[in-house]
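Engineer: Model the structure of this input:
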Amino acid sequence: MASQRIAVTGATGRVGRHVVDVLHEWGATVVPISRAHGVDLITGEGLADALTGVDAVVDAATAPSPEGASGFFSAATRNLQEVGARAGVQRLIVVSIIGTDRFGPGGLGDYYVAKVEHEQSALAGPIPARILRAAQFHEFVPQLVEWGTHGDVAYVQNMRTHVVAARKVAEALADLAVDPGSAPAPPGTPILEIAGPREENLLDLAVLLTARRGMPLHVEAVSDPSDPNSEVFESGGLLPGPYATLAGPTFEEWLEAEVALARS
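Structural biologist: So this is what the prediction gives:
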């Protein structure tokens with residue numbers, strides 16, 4: 001383990017920072033890649049130096065907006081594959097989203113469509129790639145409540161999901177980076193999935209969150225009939241398949257631990 005040198009893109013992001021922590025704990029040498037660390041995936045500035053001597057790359061970078069996601073992932077993946085191949089990188093591990101291939105363009109769907117392009121670019125490059133699709137993170141729920149709050153009402157998408165802790169996703173990504181044979185691909189696909197231990201509804205999660213945090217908000221589930229992707233959210237398009245890894249804690253357990261930590 002100690003001899004492994006692993007680069008992590010999006011190293012300061014929601015899952016990337018956990019990947020960095022996990023790899024450090026496991027004794028790997030970690031090369032964080034982000035603009036804050038002087039590396040730009042789009043222009044390629046600093047990338048060659050960052051990937052020198054690297055065995056594997058965990059790609060956890062996210063696009064800044066749905067509108068520019070396709071261009072971002074295309075340029076970033078091309079640079080990682082081309083520069084990484086010249087540097088002798090042996091494998092590329094990409095985090096994606098469960099159900100991303102069920103979306104069409106338009107609104108938030110643009111981001112999911114871009115993630116499919118991201119996956120395809122990674123798999124088509126010279127460096128062998130593995131894809132890990134994850135369910136929405138527990139940490140995503142507070143963000144959605146914040147985005148949807150207007151006055152004393154929080155509006156959230158009517159959504160069936162299988163939320164998972166970002167730390168668990170990070171552990172799975174780190175495991176693939178260190179030992180690519182640790183998780184065999186399911187029959188007929190090179191894509192793995194990881195999700196939380198049970199199906200949830202975003203409305204229920206948001207209600208639980210606001211109650212435990214003492215937020216004086218009324219929560220309502222909404223659906224936009226003009227959005228062609230609303231049915232994907234509502235019909236279970238974001239739920240994992242039969243070969244997915246299901247990992248705790250539940251959202252309620254994660255939230256209880258967060259509240260207890262804040263009180264300590």
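Engineer: just for this structure, where's the confidence low?
Structural biologist: The model of the chain has pLDDT under 70 over residues 1-2.
Engineer: hmm, who's touching the longest helix seen in it?
Structural biologist: Longest helix of the chain, by residue count under DSSP state H: helix 69-87. Residues from elsewhere that reach helix 69-87 (CB atoms under 8 Å, 6 or more residues apart in numbering): 9, 41-42, 44, 47-48, 51-54, 57, 59, 61, 63-64, 92, 110-111, 113-115, 117-118, 121-122, 125-127. Every C-beta, even on glycine, is put in place using the N, C-alpha and C of the backbone.
Engineer: Okay, and which of these map to strands?
Structural biologist: Among the contacts of helix 69-87, the residues falling in strands (DSSP state E) are Thr9, Val57, Asp59, Leu92.
Engineer: Which single one of the residues you listed is nearest to Arg133?
Structural biologist: Ranked by distance to Arg133 (CB to CB), the ones in strands among the contacts of helix 69-87 are led by Asp59 at 13.1 Å.
Engineer: surely the closest one meets Val95?
Structural biologist: Yes - between Asp59 and Val95 there is a contact at 6.9 Å, judged by CB atoms under 8 Å.
Engineer: Please check the contacts of helix 69-87 and keep the buried ones.
Structural biologist: Among these, the ones that count as buried by 16 or more other CB atoms under 10 Å are 9, 41-42, 44, 47, 51, 54, 57, 59, 61, 63, 92, 110-111, 113-115, 117-118, 121-122, 125, 127.
Engineer: Next step: those residues restricted to helices.
Structural biologist: In helices, judged by DSSP H, the following of the buried ones among the contacts of helix 69-87 are found: Leu47, Leu51, Asp110, Tyr111, Val113, Ala114, Lys115, Glu117, His118, Ser121, Ala122.
Engineer: wait, the fourth one sits on Pro64?
Structural biologist: Same thing as Tyr111. No - contact criterion CB under 8 Å: Tyr111 and Pro64 do not qualify, at 10.6 Å.
Engineer: Span of stretch 6-14 from start to end?
Structural biologist: Distance across stretch 6-14, first residue to last, is 18 Å (CA to CA, to the nearest Å).
Engineer: Buried by neighbour count: which residues of that stretch qualify?
Structural biologist: By 16+ other CB under 10 Å, the buried positions in stretch 6-14 come out as Ile6, Ala7, Val8, Thr9, Gly10, Ala11, Gly13, Arg14.
Engineer: Secondary structure element holding the last one?
Structural biologist: Taking DSSP states H and E as the criterion, no element holds Arg14; it sits outside all helices and strands.
Engineer: which residue sits closest to Thr149, ignoring its sequence neighbours?
Structural biologist: Of all residues beyond its chain neighbours, the one nearest Thr149 is Leu217 (6.4 Å), with distances taken as CB to CB, 6 or more residues apart in numbering.
Engineer: give me the number of residues near the one you found?
Structural biologist: 19 (other CB atoms under 10 Å).
Engineer: List the residues that contact it.
Structural biologist: Val145, Thr149, Asp152, Val153, Ala154, Thr210.
Engineer: quick one, phi psi at Val30?
Structural biologist: Phi and psi for Val30, reported as degrees, to the nearest 10, are phi -110, psi 130.
Engineer: Wait, it touches His24, no?
Structural biologist: Yes - in this structure, Val30 is within contact of His24 by CB under 8 Å, at 5.8 Å.
Engineer: which one of the two has more residues nearby?
Structural biologist: The neighbour count for Val30 versus His24, taken as other CB under 10 Å, is higher for Val30 (21 against 12).
Engineer: Surely Thr29 touches Ala7?
Structural biologist: No - counting by CB under 8 Å, Thr29 does not reach Ala7; the two are 9.7 Å apart.
Engineer: and Glu193, that's in a helix?
Structural biologist: No - counting by DSSP: H, G, I helix; E, B strand; the rest coil, Glu193 falls outside a helix, being strand.
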